[in-house]
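[1] task: produce atomic coordinates for the following.
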Amino acid sequence: MTVCANIILEDDRVSLVRESKPTALGRWSVPAGKLESGETLQAGAEREALEETGLVVEAGSLLDIYHCLEALEGGAAMTFVFESTVNGGHIATSADHPEVRFVPPDEVAALQASNLIRGQYVGLALAAAAAGTQLPAGAVTIVDASSPPVTLR
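    This is a model prediction of the structure:
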């Protein structure tokens, strides 16, 4: 599965959402979710941020790509994490994400130490953002689907 995630920093704090689905019940995560068909990675990250936080964001630099060999939902996951900037909206909760808040990085570390952060990549991505690390522009290239095979006669 392909996942798009956001590190949204505001006043040296990062946005977290509390999960309500059974595989992650009560744990915190950065705004993230599965990429939809026909969607760019950036568009997927922006959509997920809006759906989970109510915030309109711009997915900026690609901080890193993380490969989880066995996700909680089953199967492997490739997570593309963007450093995203708030451009509008307002914090809103939902049934799937009943809490949204901005917390300092040390609180994220404490939550992760208690196994209350969903996604082992979260601490790594926060460290990448703090260090100004990012993947080079063009690290991911969009390509068209293969054409159907040519029938030979």
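[2] what is the longest helix seen in the chain packed up against?
    Using DSSP state H, we find that the single longest helix of the chain is helix 41-53. In this structure, helix 41-53 packs against strand 2-10, strand 13-18, strand 32-34, strand 55-68, strand 77-89, with contacts taken as 3 or more C-beta pairs under 8 Å, 6 or more residues apart in numbering; DSSP states H and E. C-beta here means a position set from N, CA and C on the backbone, and glycine is covered the same way.
[3] ok, and what's touching that helix?
    2, 4-6, 8, 15, 17, 31-36, 39, 55-59, 62, 80, 82, 84, 89, 91-92, 94, 96-97, 100, 140 (C-beta atoms under 8 Å, 6 or more residues apart in numbering).
[4] kindly calculate the angle that that helix makes with strand 77-89.
    Angle, helix 41-53 to strand 77-89, by axes from the mean of the first three to the mean of the last three C-alpha atoms, to 10 degrees: 70 degrees.
[5] go through helix 41-53 and flag the buried ones.
    41, 42, 44, 45, 46, 47, 48, 49, 50, 52, 53 (16 or more other C-beta atoms under 10 Å).
[6] compare the helices and strands packed on helix 41-53 and give me the one nearest residue 113.
    Evaluated with C-beta to C-beta, the helices and strands packed on helix 41-53 place strand 13-18 nearest to residue 113, the distance being 14.8 Å.
[7] who does that closest one pair up with?
    As defined by DSSP bridges, the strand partners of strand 13-18 come to strand 2-10 (antiparallel), strand 28-29 (antiparallel), strand 99-103 (antiparallel).
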